[in-house]
Every structure is written in C-alpha cells, then in structure tokens.
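Engineer: give me a model of this one.
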Amino acid sequence: MKMDGWPLSWQTTGAEQMKGVSGLAIILVLALAGGITAAQWPEYQTMQVLRQDGVVLFPQALPVSDFAFVDENGAPFVKQDLQGKNVLMFFGYTWCPDICPTTLMDLSRTWKRLPEAVKQQWAVVLVSIDPARDRPENLAPYMHYFNPDFKALTGNPDALQTLAAELNAIYHRVERDDGAYLMDHSANLALLSKDGDYLGYIEPPHNASRMVALIKALSQ
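Structural biologist: Predicted coordinates for the structure are as follows:
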C-alpha cells in the first residue's frame, strides 16, 4: 500500500518462525497476559489452533531488558512507562511503503472496533529501526496519521537493536545504487504482558477482524 506524502523504501520479509508448544501451555501463557480460559473461547482451546492462526506463545514468558528511548513527542520513554498495559510492539520505520503503513492501518481499524474498556488495557508501539531518519518531528505526524493513541520510540541504534533481538525482530540496511538506503525487516507483532515480559508474537496479516478477536481473548 502506498501512502501519499510518504517516501518509498522496501518490501519487508517475514521473521523466522519458532516452534509451537504443548496445548496446555496456552492456559498458562494467556493467564500471564490476563487472558481467558478455554471455556470462554472454545475455538482457542489448543495451541495448535492458535498456531494455525499465526500466533506463537511461549511456554514461559521471557524477560525483556530495561530500555531508555524517546517517544514521538521527544519525551524520555522507558520500559516502566508500559507497565500495566498489554503491548503490541512493531519494528518498522516511516520510510516503509507497504508493510509498516499496512500494519498500522490494520491496527488503527482494530483499535476503532475495540470497546473502550479493552483499549485501556493495551498499548500499540512502533519501535524505529531507522533512528537516523526517524526523529520525533517525523514520527509524531506519521503516528498521528494512523492513530493518535499509538506510540513510537526511537533512540540509540545499539539499544534499539538489543530490544529487537530480544523480541525476535530482524532487520538490516540495504544500500542502493543511488546512495540512498532501504531497511529490510520482519513484520511480526511482539506481544508483551502487563509486567513487561515477552509472551510471543503474532504473524501477519494483521487484519482487523482477526486482531479484534485475538485482543479480546487476551484481555481480562
């Protein structure tokens, strides 16, 4: 999808998939996320069914290191600022012509269909993989174009890379013949718990109907 007014870059690639876990693990992991029981949502009784829907949840939540970035308003932003919220975290950049705007548009459509009580439990965060170009003055209008409730983070390239590695996000710079560069990157949504732990990830496509069902299931 091309967005008028935003530059072109590069089609993204899917992240490396991880193996599924036992059916019993879904109850444990959803509990960590403040989620549901199988009786509340029968079609997601087994990890196999969930995996078929592109959702990978780990047998145990994984710790995420503390971080210190700046947000789209130029304000300091640390991991603790997300405490108390389930988080959908996406790694991308403002020059992305397809996957990033498509994902953010899908999440914006999802957001509009969620009850207010559910939205209060969640945060959507874009983490920049191109901090040289993704400065707050660029990130703010970009994010507001999709949804003013969504956050964007940028900062030290090494710190951003550390967080990406912990959340299985893959990206690298691709040089072009004209001297410009592109960013090739994965497209999964990382799922973080209200305690800031890494629960798993959601593979694309992130269409609104699917995401609304998943978010409601993972909400208290």
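
Engineer: C-alpha coordinates for the longest helix along the chain, CSV please?
Structural biologist: Criterion DSSP state H: the longest helix present in the chain is helix 99-112. The C-alpha coordinates for helix 99-112 follow below in CSV (Å, rounded to 0.1, in the frame of the first residue of the first chain):
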residue,chain,number,x,y,z
ILE,A,99,4.3,-3.4,5.5
CYS,A,100,4.5,-0.6,8.1
PRO,A,101,1.6,1.5,6.8
THR,A,102,-0.5,-1.5,6.1
THR,A,103,0.2,-2.9,9.6
LEU,A,104,-0.5,0.4,11.3
MET,A,105,-3.7,0.9,9.2
ASP,A,106,-4.9,-2.6,10.2
LEU,A,107,-4.2,-1.8,13.9
SER,A,108,-6.0,1.5,13.6
ARG,A,109,-9.0,-0.2,12.2
THR,A,110,-8.7,-2.8,15.0
TRP,A,111,-8.5,0.0,17.6
LYS,A,112,-11.7,1.6,16.4
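
Engineer: now the very next helix or strand once past it: how far from the chain's centre is it?
Structural biologist: Using DSSP states H and E, the helix or strand that follows helix 99-112 towards the C-terminus is helix 116-119. In this view, helix 116-119 has its centroid 18 Å away from the chain centroid, taken as CA atoms, centre = their mean, to the nearest Å.

Engineer: in helix 116-119, what counts as buried?
Structural biologist: V118, K119 (16 or more other CB atoms under 10 Å). All C-beta atoms are positioned from the backbone trio N, CA, C, and that covers glycine.

Engineer: ok, now stretch 108-121?
Structural biologist: S108, R109, T110, W111, L114, V118, K119, Q121.

Engineer: return the closest of those with respect to R51.
Structural biologist: Relative to R51, the closest of the buried residues of stretch 108-121 is T110; by CB to CB it sits at 20.6 Å.

Engineer: contacts only, for that closest one.
Structural biologist: Residues near T110 by CB atoms under 8 Å, 6 or more residues apart in numbering: H206, A208, M211, V212, I215.

Engineer: then Y198?
Structural biologist: F58, A61, L62, P63, V64, E166, L167, A190, L191, L192.
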